[in-house]
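Novice: attaching a predicted model along with its sequence, questions to come.
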Amino acid sequence: MTLQLDLQIAAAAAGLPGATDIGHWAEAALAGAAFTDPAEMTVRIVDEAESAELNVAYRGKHGPTNVLSFPFDAPAGVELEPELLGDLVICAPVVAREAVEQGKATAAHWAHMVVHGTLHLLGYDHEVEAEAEAMERLETGILRGLGFPDPYGDDEPR
């Protein structure tokens, strides 16, 4: 599997992960979900204002959020090579704040947001409890494979 990553940085924040780390985390998510085709995706790192604007426009929710996923849905009969997965928009200040509030290493929380968002691009969701549990198990396994602890704070393997 080959991933073509377009990284856009639209936030002035220190300590942001680079394209190498983000690509590695996204590739791990794709592999964990058994996605093996060549793929392309965009990750845009934004500030709170842009996150809040997108959150209200696309989800009807006010305020910034940690990660927004915008899966690409090709028109019928159109096949792209590599497959265009879509876009992730990650809010740097929210991720940094959540890492502190949750007592997590910043890199671990960034990795979780990339893995979580990438799985959303592949169609995983957590609106229904059974789907949420399956997605959380997958995320936990992927992140453990990357050397990060369970993002949900459980000591027991999922």
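Specialist: All right, it came through fine.
Novice: distance between stretch 28-48 and the chain's centre?
Specialist: 7 Å (CA atoms, centre = their mean, to the nearest Å).
Novice: so for it, mean pLDDT?
Specialist: Stretch 28-48 comes out with an average pLDDT of 97.
Novice: can you give me the end-to-end span of it?
Specialist: End-to-end distance for stretch 28-48: 27 Å, by CA to CA, to the nearest Å.
Novice: do the same with stretch 140-150
Specialist: 5 Å.
Novice: what's that stretch in contact with?
Specialist: Under the criterion CB atoms under 8 Å, 6 or more residues apart in numbering, residues 24-25, 28-29, 31-32, 104-105, 107-108, 111-112, 115, 151-152, 154, 157-158 lie in contact with stretch 140-150. In this view, the C-beta of every residue, glycine as well, is placed from N, C-alpha and C.
Novice: report the buried members of these.
Specialist: 24, 25, 28, 29, 32, 104, 107, 108, 111, 112, 115, 151 (16 or more other CB atoms under 10 Å).
Novice: tell me which stretches of this structure form strands.
Specialist: Under the criterion DSSP state E, the chain contains strands at 3-9, 39-46, 67-71, 83-91.
Novice: include mean neighbour count when you put the ones you listed into JSON lines, please.
Specialist: Below are these laid out as JSON lines (neighbours: other CB atoms under 10 Å):
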{"stretch": "strand 3-9", "mean neighbour count": "15"}
{"stretch": "strand 39-46", "mean neighbour count": "22"}
{"stretch": "strand 67-71", "mean neighbour count": "19"}
{"stretch": "strand 83-91", "mean neighbour count": "21"}
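Novice: residue 137: which of those is closest?
Specialist: Of all those, strand 67-71 sits nearest to residue 137, with 18.8 Å by CB to CB.
Novice: partner strands of the closest one, parallel or antiparallel?
Specialist: strand 83-91 (antiparallel) (DSSP bridges).
Novice: correct me if wrong: residue 42 contacts residue 8.
Specialist: Yes - using CB atoms under 8 Å, residue 42 is in contact with residue 8, at 6.5 Å.
Novice: ok, residue 107 - contacts?
Specialist: Contact partners of residue 107, counting by CB under 8 Å, 6+ apart, are 17, 21, 148.
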